[in-house]
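Student: attaching a predicted model along with its sequence, questions to come.
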Amino acid sequence: MKGCDDYEERIPDVFPVGSMPIMRVEPQRARFPCCLVWTPLPIVSWLAPFIGHMGICQEDGTILDFAGSYFVNVNNFAFGATARYVQLSTQQCCFPPHLSGHKCKHGFRHAELGTAMSWDNALQSCTNHFQHKTYNLFTCNCHSFVANCLNRLAYQGSISWNVVNVCVLIILKGRWVNKMAIARSFSPFVVVFCIGLLVAGWSFVVGMCVFSLLLVGWFVLGSYFSKNLVDC
C-alpha cells in the first residue's frame, strides 16, 4: 500500500467548484489555494507597516499579483515571500451558469463587471484585463487587482470590493505564515522609528503619522467619495 505522500501527489491541482474541498495551505511550498496573500513593501511598509503588496491565488495555490504596468506575476510573488494570508471560501462566490442563475442579489450589475464559471476562470479574466492596465501606486495597484477579482467572484455577495476593504480584510482576518514573517514585516518599521526618534525627535513621529493619514485618506477618498480616482 502506498503512503499518504504518494496519494497526495496524485491529487489534481484544480478541482471543479464544489467537487472537492479546497486544497490545504502549504507555506513551505508557497502554495495558498484560494487565498489572499500579503508581503511588506520596501520603504512604504517601513513607514506604514499596515500597507503592503497583495496578491490572490488560484485553486492550486499559484500566486497572481499585479506587479507592474501590463504585467501580472504568476507564481513569482513580487517583493518577497508571503508573510500573511487569508483563505477564502468558494462557497461564498457567485458562479452563474446564466443571467437568471445568479446566487448574489446583483444579477445584471455582476454580469456587467464580468462573471465567471469558476474561481480560476474569474482570476484569468481579471489577469487578462489588468495586462492592459498601467500600474500606479496611488490609482491602480495590486490591491486594485485583488478587488477586481473579488468583484468578479461576487465574494460574500458583494461587488463593492475596493483597495480599502481588501486591505482591512487581510489586516483583520489574515494569518501570519510564521514568526519570522512577523519579524520581517515589523523590524524595518521599528528600526526606522527608533532612528528617526533619536535623530529628529517627536517631529519625525508626527511626520510618520501624517504620512499614514494622508495615504489612508487618499484611498478612502478614491474608493468611497470619488470612485474615478482609484481603479478596481
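Tutor: Yep, it's here.
Student: just the helices in this protein please.
Tutor: Per DSSP state H, the chain carries helices over the ranges 4-9, 44-47, 108-113, 119-130, 142-153, 163-173, 179-200, 202-220.
Student: tell me the average confidence for the first one?
Tutor: This predicted structure assigns helix 4-9 an average pLDDT of 35.
Student: output the below-cut-off pLDDT ranges for this protein.
Tutor: Applying pLDDT under 70 to the chain flags residues 1-22, 98-104, 106-108.
Student: returning to that earlier point: which of the helices of the chain sits most buried?
Tutor: Among these, judged by mean count of other CB atoms under 10 Å, the one packed with the most neighbours on average is helix 142-153 (a mean of 27). Every residue, glycine included, has its C-beta placed from N, CA and C.
Student: what's in contact with it?
Tutor: Here helix 142-153 makes contact (CB atoms under 8 Å, 6 or more residues apart in numbering) with 36, 53-56, 64-67, 72, 78, 93-94, 113-116, 119, 122-123, 125-126, 129-130, 158-163, 165-167, 230-232.
Student: from the chain's centre, how far out does it sit?
Tutor: The chain centre lies 8 Å from the centre of helix 142-153; the measure is CA atoms, centre = their mean, to the nearest Å.
Student: tilt between it and helix 119-130?
Tutor: Inter-element angle recorded for helix 142-153 and helix 119-130: 130 degrees (by axes from the mean of the first three to the mean of the last three CA atoms, to 10 degrees).
Student: from Phe130, how far out is Arg175?
Tutor: 26 Å (CB to CB, to the nearest Å).
Student: same deal with Asp231?
Tutor: For Asp231, the distance to Phe130 - CB to CB - is 9 Å.
Student: ok, Ser89 next?
Tutor: Using CB to CB, we find Ser89 at a distance of 24 Å from Phe130.
Student: now Gln58
Tutor: Distance, Gln58 to Phe130, by CB to CB: 15 Å.
Student: try Arg109
Tutor: For Arg109, the distance to Phe130 - CB to CB - is 20 Å.
Student: over to Phe138?
Tutor: Note on Phe138: its distance to Phe130, by CB to CB, is 16 Å.
Student: surely Leu36 touches Gly52?
Tutor: No: in terms of CB atoms under 8 Å, Leu36 does not count as a neighbour of Gly52; the distance is 11.3 Å.
Student: comparing those two, which shows the higher neighbour count?
Tutor: Shown here are Leu36 and Gly52; by other CB atoms under 10 Å, Leu36 has more neighbours (26 against 23).
Student: check contacts around that one.
Tutor: Shown in contact with Leu36 (CB under 8 Å, 6+ apart): 54-57, 85-86, 88, 146, 166, 169-170, 174.
Student: what number of residues lie near the nearest residue to Met23 once chain neighbours are set aside?
Tutor: Of all residues not flanking Met23 in the chain, Pro33 sits nearest, at 4.3 Å (CB to CB, 6 or more residues apart in numbering). Per other CB under 10 Å, the neighbour tally for Pro33 reads 23.
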